[in-house]
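Peer 1: need a 3D model of the sequence below.
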Amino acid sequence: MGLISSPSVEDSHYYTHKIFLFSNYILLGAATSCIFLTLSLRLIPSICGFLLILLHSTTIAAAVSGCTAASCGRNRWYAAHMVATVITAIFQGSVSVLIFTNTANFLGSLKSYVREEDAAVILKLGGGLCAVIFCLDWVVLVLAFFLKYYAYVEGGDCRGGGVAVKRSGKVQSDENPKDWPWPFQV
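Peer 2: Numbers count the residues shown, from 1 in each chain. Have a look, this model is predicted:
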């Protein structure tokens, strides 16, 4: 999972691959920071606190599967990464909007033991990180799509069952339309 490139990465897509890995590493750090902010609110007894920690753990799992998909290039890891990233992006955006629009109500449902003023600041910090994670998730999705598309077009994705696109300048086939059955002749 390091920043060492795999031999399957083409030189032309080297920087796209590096930006993809770097974005996943930023996601790992932001989700971990959100977990620590959530734990600093002392939310363990509440269900909402558990669900927030579960959401950030899923974000971490999506980023790890993205790094794995980038290094090994298998379709299974790519599919797991795309599904987990889409789900976490949707929920991270929802949580961010909820935190910023209804801070007092959201804080009341969390049943935190921290003073209300301090908890509101901590919660808004977490909401800001959720907004950053939301944006980074969509950047990672676009980069993952481009990397998979480049691999497919260049023919490096044939082992996953896909058919590589052949590049040829030929427009017509060698078949003669006169040999076709009557309804298909033009």
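
Peer 1: from the contact counts, what lies against the helix or strand of the chain with the lowest mean pLDDT?
Peer 2: Taking mean pLDDT, DSSP states H and E as the measure, the chain has helix 103-110 as its least confident helix or strand, at a mean of 79. With contacts defined as 3 or more C-beta pairs under 8 Å, 6 or more residues apart in numbering; DSSP states H and E, helix 103-110 has these neighbours: helix 47-72, helix 116-153. For the C-beta atoms, the positions are set from N, CA and C on the backbone; glycine is no exception.

Peer 1: neighbours of the closest residue to His13 other than its chain neighbours, how many?
Peer 2: Among residues not flanking His13 along the chain, Tyr150 sits closest, at 5.1 Å (C-beta to C-beta, 6 or more residues apart in numbering). Tyr150 is flanked by 17 other residues according to other C-beta atoms under 10 Å.

Peer 1: same thing with Leu51?
Peer 2: Using other C-beta under 10 Å, Leu51 is surrounded by 14 other residues.

Peer 1: for Gln92, see how far away it is.
Peer 2: 12 Å (C-beta to C-beta, to the nearest Å).

Peer 1: how about Thr16?
Peer 2: 23 Å.

Peer 1: who has more neighbours, those two?
Peer 2: Gln92 (28 against 16).

Peer 1: which elements pack onto whichever strand or helix holds the more buried one?
Peer 2: Here Gln92 sits within helix 75-101, counting by DSSP states H and E. If you count contacts as 3+ C-beta pairs under 8 Å, 6+ apart, helix 75-101 packs onto helix 47-72, helix 116-153.

Peer 1: buried ones in the shortest one, by neighbour count?
Peer 2: If I follow you right, that is helix 47-72. Of the residues in helix 47-72, 48-49, 52-53, 55-56, 58-71 count as buried by neighbour count, 16 or more other C-beta atoms under 10 Å.

Peer 1: for the protein, give me the ranges with low pLDDT.
Peer 2: 1-12, 43-45, 70-74, 156-186 (pLDDT under 70).

Peer 1: would you mark the buried spots in the one helix or strand Leu21 maps to?
Peer 2: Here Leu21, judged by DSSP H and E, is contained in helix 14-40. Neighbour-count burial for helix 14-40 flags 16-17, 20-21, 23-28, 30-35, 37-38 (criterion: 16+ other C-beta under 10 Å).

Peer 1: with stretch 116-133 instead?
Peer 2: 119-120, 122-123, 126-133.

Peer 1: now stretch 105-112
Peer 2: In stretch 105-112, counting by 16+ other C-beta under 10 Å, buried: 106-107, 110, 112.
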